[in-house]
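Chemist: task: produce atomic coordinates for the following.
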Amino acid sequence: MESAKHAGDAAVAVSKAYGVETMFTLSGGHVFPLYDGAVHEGMRILDVRHEQSAVFAAEATARLSRKPGLAVLTAGPGITNGVSGVATAHYNGSPVVVMGGRAPQSRWGSGALQEMDHPPLLAPITKLSFTATGPDSVGQDVELAFRTAVAPHRGPVFMDFYMDHLFSPSPVHAAETQTPSPLEPDPESVAAIAKLLAEAERPVVVLGSDVWMDRAEEAARDFVEAWKLPVVPNGQGRGILPAGHELLVTRARGQAFGQADLVIVVGAPLDFRLGYGWFGGKDGAPLAKVVHIADAPSQLATHMRPVASAAGDLSLVFWSLATACGEAGVKTSRHADWVSRLSQTAAAAIAADAGLLAADSDPIHPMRVYGELGKVLADDAVVIGDGGDFVSYAGKYVEPRNPGNWLDPGPYGCLGTGLGYSIAARLARPSSQVVLLLGDGAAGFSLMDVDTLVRHRLPVVMICGNNGIWGLEKHPMQMLYGYDVAAELQPQTRYDQVVTALGGGGELVTSPSEIGPALRRAFDSGVPYMVNIVTDPQVAYPRNTTGV
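Modeler: Predicted coordinates:
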């Protein structure tokens, strides 16, 4: 017998109007009407094994599709289990709406099961955190949540519903899903940036995640190609210039940032990943002038003072800047030698890596894993990183060929994102390879959600770099103290057998020559499959920053 219409229907109907196709959740009685609404409205329900994975999946959906993601969490521990996912979405600027259950209003204050006032807990890591006011206004409240999440600068919104309100009748609400009007950049600010470019001899452009999220990747590429500007991508800015592009100087990053006289950072915060906004000063060069460009004024750096800044719709910024560069008389010949030097440095670095990417060392050098992976990755593969040192190698040696095909935890650095991200990636890109690069430490956070992949028939190739340690901590502790504690894991743990026990496939690899064949078997399997590769624990990733 079909259930009567209720507030859950209204909430789901508005979510669908904003483009939501899948509700990510872990079953809980407080939110049953939202499930019933999904059944009535024809929305897919995908249930996971830990609430953090539901939020991570919603966040990855937002980052891959550039439409809002939806996670539904039951009251109390269901919501607290999802907090790390919400924080990750906050730092990544991901438009996610998290709907939570709440103990009944009729019992509030009397000690009902899982009674907790959630919004104050979520307020510091959301754009908006509130309790829906009542069944008659559920549609308007949900529309407010989505409208807030998708407006620049994008980010997560949390709302919860009293349980008795969700079960109550609610009027139909026609959502007005108007796209926010694009913010025009200030012409004087754009002109000032163009003047700086006209004067620069060693410029560098950083393209960050918000360039992709703001749908400005084509405008960005047109701009840097027109003015022949070298590019270092950051986060989901990777792939805007494809691997092998003459202006892509990722492998000359140290020289580019150390010797630049002008660095223009677009769509990324000036955080630890970018030296907190300090560039230049190497090999006798003075400190570089820094320009910061963001999709909203709230995202412009305040901890240091750029010489110029601009905020607005990033496509409009690039188009306006292109025009202003012409008016300012920017000459590509002025920095042609600089681009050539960076290209040569990048080419030399790539050539120097050839040996380790093909290394036959025993134990396996982690770079050999990436040498073999590069041979089997398709152009449209979605590559997901969840780990420390092992994934740092991926950031260096896996260069996407298309934008929007790279996911990592972002600046919050939360481990355990990988399985949730993989679930979302397989749904968002059903015909693409989906590859999860998983450190053995990270595997401990979310590997049980392989069960989710299996139950929902979502094939993903998982590659576990298994060195039996917390590498990001062990090596620095050894350097600082001459010893380490709390940094050991079991050597050669059979994470692949966990995957097979949950219904997937997998195998252990201990020899370099076995890596390539194992990867091909994984891609051919059609099931969630782990290639568990034992790597050398003595090899430390040569990082330049710890993020402190």
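Chemist: max-length helix in the protein?
Modeler: helix 336-352 (DSSP state H).
Chemist: can you give me the end-to-end span of stretch 502-519?
Modeler: End-to-end distance for stretch 502-519, by C-alpha to C-alpha, to the nearest Å: 20 Å.
Chemist: buried ones in it, by neighbour count?
Modeler: 502, 504-509, 512, 514-516, 518-519 (16 or more other C-beta atoms under 10 Å). Placement of C-beta: from N, CA and C, glycine included.
Chemist: same question, stretch 408-419
Modeler: Result for stretch 408-419 [16+ other C-beta under 10 Å]: buried residues 408-411, 414-419.
Chemist: distance of Arg305 from Lys289?
Modeler: Noted for Arg305: a distance of 11 Å to Lys289, by C-beta to C-beta, to the nearest Å.
Chemist: neighbour count winner among those two?
Modeler: Lys289 (19 against 10; other C-beta atoms under 10 Å).
Chemist: does Ala424 really touch Ser53, like I thought?
Modeler: No - the pair Ala424 / Ser53 is not scored as a contact, 9.7 Å apart, by C-beta atoms under 8 Å.
Chemist: mutual contacts of those two, please.
Modeler: Phe24 (C-beta atoms under 8 Å, 6 or more residues apart in numbering).
Chemist: show me what the element among helices and strands of the chain having the smallest mean pLDDT is packed up against.
Modeler: Within the chain, no helix or strand scores below helix 389-397, which has a mean of 88 by mean pLDDT, DSSP states H and E. Packed against helix 389-397, as judged by 3 or more C-beta pairs under 8 Å, 6 or more residues apart in numbering; DSSP states H and E, are the following elements: helix 366-376, strand 382-386, strand 434-439, strand 461-466, helix 471-481.
Chemist: the next helix or strand after it: partners in the sheet, and parallel or antiparallel?
Modeler: On the C-terminal side of helix 389-397, the closest following helix or strand by DSSP states H and E is strand 406-407. Using DSSP bridges, the strands paired with strand 406-407 in its sheet are strand 382-386 (parallel).
Chemist: packing partners of the helix or strand Val498 falls within?
Modeler: Using DSSP H and E, Val498 sits within helix 495-501. Under the contact definition 3+ C-beta pairs under 8 Å, 6+ apart, helix 495-501 sits against strand 461-466, strand 505-509, strand 529-534.
Chemist: and Gly109, what does it touch?
Modeler: Neighbour list for Gly109: Glu115 [criterion: C-beta under 8 Å, 6+ apart].
Chemist: mind checking the SS state of it?
Modeler: Following DSSP: H, G, I helix; E, B strand; the rest coil, the label given to Gly109 is coil.
Chemist: how far away is it from Ser446?
Modeler: Counting by C-beta to C-beta - Gly109 and Ser446 are separated by 36 Å.
Chemist: would you mind listing where the stretch 1-150 of the chain has pLDDT under the threshold?
Modeler: Along the stretch 1-150 of the chain, the model assigns pLDDT under 70 to residues 1-4.
Chemist: strands of that one, residue ranges please.
Modeler: 22-25, 44-47, 69-73, 96-102, 128-131 (DSSP state E, counting those that start in this stretch).
Chemist: show me what counts as buried in stretch 459-478.
Modeler: 459-475.
Chemist: so can I have TSV of the helices and strands packed on helix 389-397 showing mean pLDDT?
Modeler: Formatted as TSV, the helices and strands packed on helix 389-397 follow (pLDDT from 0 to 100):
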stretch	mean pLDDT
helix 366-376	95
strand 382-386	96
strand 434-439	97
strand 461-466	97
helix 471-481	90
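Chemist: of those, which approaches Thr88 most closely?
Modeler: Evaluated over the helices and strands packed on helix 389-397, closeness to Thr88 peaks at strand 382-386, with 11.3 Å, by C-beta to C-beta.
Chemist: what sits up against the closest one?
Modeler: With C-beta under 8 Å, 6+ apart, strand 382-386 has contacts from 60, 64, 377, 391, 394-395, 398, 400, 405-409, 415-419, 421-422, 425, 428-429, 432-439, 442, 446.
Chemist: next one: stretch 35-50
Modeler: For stretch 35-50, the surrounding residues in contact (C-beta under 8 Å, 6+ apart) are 2-3, 5-6, 8-13, 15-16, 20-27, 54, 57, 72, 81, 420, 423, 427, 446, 448-449, 451-452, 456.
Chemist: just stretch 499-519 next, same as before
Modeler: 359-365, 368-369, 372-373, 375-376, 447-448, 450-451, 453-455, 461-463, 492, 494-497, 521-522, 525, 527-534.
Chemist: quote the end-to-end distance of it.
Modeler: 15 Å.
Chemist: against Ala442, how distant is the closest residue to Gly468 other than its chain neighbours?
Modeler: Leaving aside its sequence neighbours, Gly468 sits nearest to Pro491 (C-beta to C-beta, 6 or more residues apart in numbering; 3.8 Å). When C-beta to C-beta is the yardstick, Pro491 and Ala442 sit 17 Å from each other.
Chemist: tell me which of these two has more neighbours.
Modeler: Comparing Pro491 with Ala442 by other C-beta under 10 Å, the one with more neighbours is Ala442, at 26 against 12.
Chemist: the helix or strand hosting the more buried one: what's the following helix or strand?
Modeler: For Ala442, the element it lies in under DSSP H and E is helix 440-446. Using DSSP H and E, the next helix or strand after helix 440-446 towards the C-terminus is helix 450-455.
Chemist: so what touches that following helix?
Modeler: In contact with helix 450-455 (C-beta under 8 Å, 6+ apart) are residues 46-49, 53, 419, 422-423, 426, 458-460, 462, 498-499, 502-504, 527-528, 530.
Chemist: any idea how far Arg426 is from Phe390?
Modeler: 21 Å.
Chemist: same deal with Leu73?
Modeler: Distance of Leu73 to Phe390, computed by C-beta to C-beta: 30 Å.
Chemist: and those two? Which one has more around it.
Modeler: Leu73 (31 against 28).
Chemist: who's in contact with that one?
Modeler: Contacts of Leu73 (C-beta under 8 Å, 6+ apart): 25-26, 28, 31, 51, 54-55, 79, 81-82, 98-101.
Chemist: filter those residues down to the buried ones.
Modeler: Listed as buried from the contacts of Leu73 are 25-26, 28, 31, 51, 54-55, 79, 81-82, 98-101; burial here means 16+ other C-beta under 10 Å.
Chemist: need these in CSV (columns: distance to Thr148).
Modeler: Below are these laid out as CSV (distance: C-beta to C-beta, whole Å):
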residue, distance to Thr148
Thr25, 21
Leu26, 25
Gly28, 24
Val31, 21
Glu51, 22
Ala54, 20
Val55, 17
Ile79, 18
Asn81, 23
Gly82, 18
Val98, 12
Met99, 14
Gly100, 16
Gly101, 20
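Chemist: from those residues, pick the one nearest Ile264.
Modeler: For these, the nearest to Ile264 is Val55 (33.1 Å; C-beta to C-beta).
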